[in-house]
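>>> sequence-free structure coming up:
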């Protein structure tokens, strides 16, 4: 039997060297992984058109194969492009803290905070102290990735931080909150080290990996075991050094505290080797963060699950309440928070409402019968007076038929000249419309433009068109970006 999903959500984890995608489906009882994919890419930039084209084509194939277009999309931008700052701030209450925040952030960023999109994760501590972790990213970087995703007709509702997505994935698996622990995320080119003290993120660092043997082994599971062992020995030494450096930078952690757990994500084909060697070297229990979401049989690519932990954490953002919820999306693109529906409460209220309506109907039955009898008498009197008006009704019905026929003709053959004049006025000069289809109140434009994504608001703002949208995916050719736009003909008001 095919499952019915009340919600689907997609997480896209964009790194410097890869893009990971996880599609979730939520039923009334559970959430399942419907599809997951790890795709190796080159660093994305405006100057590297081949890398962009490869990224778009591979992601588009995933979207088409799994019908993964959804309104619940959460993405993360490469961690190296973000800044995470943590600090303590005294304040009598949260209101006062919020009013102080912009001034305080100016002290912690080298350039003007107005050049960034930022969001804060705040933890209340004893003595009117607050621990703040601020995630910030330059505005032009955010708009670059949003424009890139727009070519796939994807509109994120959240821009999260990969570190926070990993922590949200980890929290349900932590039994003892009063511990000092490390969260490690190993990708192809970076180590992400996070210090968690009593379930508070004290510090997070993203360090590049300059080990070619590790990079080769990361994606290749078919290498000789001896080579994998030696490569793991080298990378574990680097990991231990970075953990020690991170711990020494934490002001709130003194020598009396000891790391009790190391939680591990990523690692690719080396994951099992790294965890065992790291545990032997540090003498600290190393725990691989488990996937608590079941995989839908024959739908998810199980071989990709070792690489897609972060994208799973991102996809879960829209299916449940998370411990850390920040959003680096521009304010004008953020949607209003959806109200969480409690099925049991809704069913109970519905039953009470039905019982109330039934009771009201029973109590009013006698009164209604008397009222109907009185109305029947009045209706008989009115019928005697309606004879002369019947002829008027017949004429009115005849006119209605003529008007209906004229409306059908107008819809089948809309006036084309005003629409063509309007299109010639609003379409930019760097855009070529190769084909125009007009039928039944809609218009379809097919053509090529140097920047197709800007056409949608241009057509939408015209008084002649509404409900404007792209059909299919914007594709890039040597002459420009090929597009298909569909709009309803008629004034917006």
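The structure has been received and is ready for your questions. Values in this document were obtained by computation on a predicted structure and should not be read as measured data.

>>> and after the lowest-mean-pLDDT helix or strand in the chain, which helix or strand comes next?
Lowest on mean pLDDT, DSSP states H and E among the helices and strands of the chain sits helix 389-412, with a mean of 62. Per DSSP states H and E, the first helix or strand lying C-terminal to helix 389-412 is helix 416-426.

>>> Show me what counts as buried in that next one.
419, 423 (16 or more other CB atoms under 10 Å). For every residue, glycine as well, the C-beta is placed using N, CA and C.

>>> That helix: how far from the chain's middle?
37 Å (CA atoms, centre = their mean, to the nearest Å).

>>> which helices and strands does that helix pack with?
strand 431-439 (3 or more CB pairs under 8 Å, 6 or more residues apart in numbering; DSSP states H and E).

>>> Report the buried residues of stretch 123-130.
residue 130.

>>> Compute the first-to-last residue distance for that stretch.
6 Å (CA to CA, to the nearest Å).

>>> Could I get the average pLDDT for it?
Here stretch 123-130 scores 84 as its mean pLDDT.

>>> isn't residue 213 right up against residue 232?
No - contact criterion CB atoms under 8 Å: residue 213 and residue 232 do not qualify, at 9.9 Å.

>>> what secondary structure does residue 293 sit in?
Put simply, residue 293 is coil when judged by DSSP: H, G, I helix; E, B strand; the rest coil.

>>> what residues are up against it?
24, 31-33, 312, 316 (CB atoms under 8 Å, 6 or more residues apart in numbering).

>>> ok, back up a step: residue 213 and residue 232: which is more packed in?
residue 232 (24 against 15; other CB atoms under 10 Å).

>>> That one contacts residue 274, correct?
Yes - using CB under 8 Å, residue 232 makes contact with residue 274 at a distance of 5.2 Å.

>>> Count the neighbours of residue 88 for me.
12.

>>> List the pairing partners of the helix or strand where it lies within its sheet, with orientation.
Using DSSP H and E, residue 88 falls within strand 83-90. Strand 83-90 pairs in its sheet with strand 129-138 (antiparallel), by DSSP bridges.

>>> Give the buried residues for the partner strand.
Those would be 130-137, for strand 129-138 by 16+ other CB under 10 Å.

>>> Next secondary structure element downstream of it?
helix 139-150.

>>> Walk me through the domains of the chain.
Using automatic domain parsing, the domain parsing of the chain gives 52-67+72-331, 359-411, 416-489.

>>> Adding distance to residue 17, write the ones you listed out as CSV.
Shown next, in CSV, are these (distance: least, CB to CB, whole Å):
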stretch, distance to residue 17
domain 52-67+72-331, 4
domain 359-411, 53
domain 416-489, 22
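
>>> Tell me which of the ones you listed sits nearest to residue 351.
domain 359-411 (12.6 Å; CB to CB).

>>> hang on, residue 142 packs against residue 331?
No - under the criterion of CB under 8 Å, residue 142 makes no contact with residue 331, lying 11.8 Å away.

>>> ok, these two, which is more surrounded?
A count of neighbours by other CB under 10 Å puts residue 142 above the other of residue 142 and residue 331, at 20 against 7.

>>> Of the buried residues of strand 129-138, which is the nearest to residue 80?
For these, the nearest to residue 80 is residue 137 (10.7 Å; CB to CB).

>>> dump the residue contacts of the closest one.
77, 81-83, 116-118, 159, 328.

>>> Number of residues surrounding residue 178?
By the measure other CB under 10 Å, the count of residues near residue 178 is 8.

>>> Can you name the helix or strand that residue 456 falls in?
Per DSSP H and E: helix 455-460 holds residue 456.

>>> helices or strands next to that helix in the packing?
strand 465-470, strand 480-489.

>>> Just list what the last one packs against, helices and strands only.
Spelled out, that is strand 480-489. So strand 480-489, by 3+ CB pairs under 8 Å, 6+ apart, packs with strand 442-449, helix 455-460, strand 465-470, strand 475-477.

>>> Quick one, which of those gets closest to residue 106.
Among the helices and strands packed on strand 480-489, the nearest to residue 106 by CB to CB is helix 455-460 (33.7 Å).

>>> What lies in contact with the closest one?
Contacts of helix 455-460 (CB under 8 Å, 6+ apart): 426-428, 431, 445, 449, 465-466, 468-470, 483, 485, 487, 492.

>>> Kindly report the same for stretch 81-89.
97, 100, 104-105, 108-109, 116, 125, 129-138, 141, 161, 163, 201-204, 252.

>>> at 7 Å what do you get?
Residues from elsewhere that reach stretch 81-89 (CB atoms under 7 Å, 6 or more residues apart in numbering): 97, 100, 104, 108, 129-137, 141, 161, 163, 201-204.

>>> closest to residue 438 among the buried residues of strand 129-138?
Checking the buried residues of strand 129-138 against residue 438 by CB to CB gives residue 137 as the nearest, at 43.9 Å.

>>> Look at that closest one and report its pLDDT.
Reported pLDDT for residue 137: 92.

>>> Bridge partners for it, pull those for me.
residue 117.

>>> Residue 144 versus that one, what's the distance?
11 Å (CB to CB, to the nearest Å).

>>> Also residue 97?
For residue 97 relative to residue 144 (CB to CB), the value is 32 Å.

>>> These two: which has the busier surroundings?
Shown here are residue 97 and residue 144; by other CB under 10 Å, residue 97 has more neighbours (19 against 16).

>>> mind checking which helix or strand that one is in?
Using DSSP H and E, residue 97 falls in helix 94-108.

>>> Report pLDDT for residue 342.
pLDDT, residue 342: 52.

>>> whoops, residue 268 was the one
At residue 268, pLDDT is 83.

>>> before we move on, what about residue 82?
For residue 82, pLDDT reads 89.

>>> any idea how far it lies from residue 172?
Taken as CB to CB, the span from residue 82 to residue 172 is 25 Å.

>>> same thing with residue 480?
For residue 480, the distance to residue 172 - CB to CB - is 48 Å.

>>> more crowded one of the two?
residue 480 (16 against 12).

>>> got a list of what the more buried one touches?
Taking CB under 7 Å, 6+ apart, one finds 448-450 in contact with residue 480.

>>> Retrieve the pLDDT associated with the closest residue to it other than its chain neighbours.
In space, and not counting its chain neighbours, residue 480 is closest to residue 448: 4.3 Å by CB to CB, 6 or more residues apart in numbering. pLDDT recorded at residue 448 is 90.

>>> for residue 448, which residues make a bridge with it?
residue 432, residue 482.

>>> Can you report how many residues lie near it?
17.

>>> and what of residue 287?
By other CB under 10 Å, neighbour count at residue 287 equals 16.

>>> would you say it is within a helix?
No - Residue 287: not assigned to a helix; according to three-state DSSP it is strand.

>>> How about it: what's its closest non-neighbour residue?
Nearest one to residue 287, counting by CB to CB, 6+ apart, is residue 263 at 5.4 Å.

>>> Phi and psi next, for that neighbour.
Main-chain torsions, residue 263, degrees, to the nearest 10: phi -100, psi 140.

>>> Return the distance of it relative to residue 315.
In terms of CB to CB, residue 263 sits 20 Å off from residue 315.

>>> try residue 372
In terms of CB to CB, residue 372 sits 57 Å off from residue 315.

>>> ok, the two, which is more surrounded?
Between residue 372 and residue 315, residue 315 has the larger neighbour count (other CB under 10 Å), namely 30 against 9.

>>> does the more buried one sit in a helix, a strand or a coil?
Applying three-state DSSP: residue 315 is helix.

>>> And for residue 52?
With three-state DSSP as the criterion, residue 52 reads helix.
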